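Undergrad: sequence plus the predicted model coming up.
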Amino acid sequence: MNDPVALCVDAVAAWHASWLAALGIRSERDDAVWRALEPPPNIHFAAITLRPEAEATALVSAPGSICDSWQALELEPLRFRVWRRDPWYHRPASSVYGTEPPELDVIRVTTEAEVAELE
């Protein structure tokens, strides 16, 4: 997959599916759209386009907000309105700093004494 938006979309759809599953809310996914099958909490999307060629009609039954990932669909005729536009951010995987900052120590906490020190 070479499309940076498609990579972001795949991650966001998987994130939504896992969070909603933890809340007992079912969802489904096909080649073009991920959708919740029941109303999700307001902070979650109810449908996400997975491909730029997704059909707007595939989103009509969404029980809440829709993420038109490529911002390409005509949703107003389906009684939706655009109320927010959010940019997608993507960068190749690498360290944020180029090298880890010297003052950062990442350690595994495995004993009660280490937990107490961490807290």
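TA: Yep, that arrived.

Undergrad: quick one: name whatever helix or strand follows whichever strand or helix holds residue 48.
TA: Here residue 48 is covered by strand 47-49, with elements defined by DSSP states H and E. Proceeding C-terminally, strand 47-49 gives way to strand 66-67 as the next helix or strand, assigned by DSSP H and E.

Undergrad: okay, now the unreliable bits of this protein?
TA: 1, 95-101 (pLDDT under 70).

Undergrad: so which residues of the protein form helices?
TA: Taking DSSP state H as the test, the helices found in the chain are 4-22, 112-118.

Undergrad: how distant is the longest one from the center of its chain?
TA: So the one you mean is helix 4-22. The chain centre lies 4 Å from the centre of helix 4-22; the measure is Cα atoms, centre = their mean, to the nearest Å.

Undergrad: so what touches it?
TA: For helix 4-22, contacts defined as Cβ atoms under 8 Å, 6 or more residues apart in numbering pick out 1, 26-27, 29, 34, 36, 40, 44-45, 48-52, 67, 69-70, 88-90. Using the backbone N, CA and C atoms, a C-beta is placed for each residue, glycine as well.

Undergrad: list the buried ones in that helix?
TA: Residues of helix 4-22 classed as buried by neighbour count (16 or more other Cβ atoms under 10 Å): 9-10, 12-13, 16-17, 20.

Undergrad: gap between residue 80 and residue 65?
TA: Residue 80 sits 9 Å away from residue 65, going by Cβ to Cβ, to the nearest Å.

Undergrad: now stretch 56-69: buried residues?
TA: Applying a neighbour-count criterion of 16+ other Cβ under 10 Å, the buried positions in stretch 56-69 are 56, 58-59, 62, 65-69.

Undergrad: so which of the residues you listed comes closest to residue 110?
TA: residue 67 (39.9 Å; Cβ to Cβ).

Undergrad: correct me if wrong: the closest one contacts residue 48.
TA: Yes: contact between residue 67 and residue 48 holds when scored by Cβ atoms under 8 Å: they sit 4.4 Å apart.
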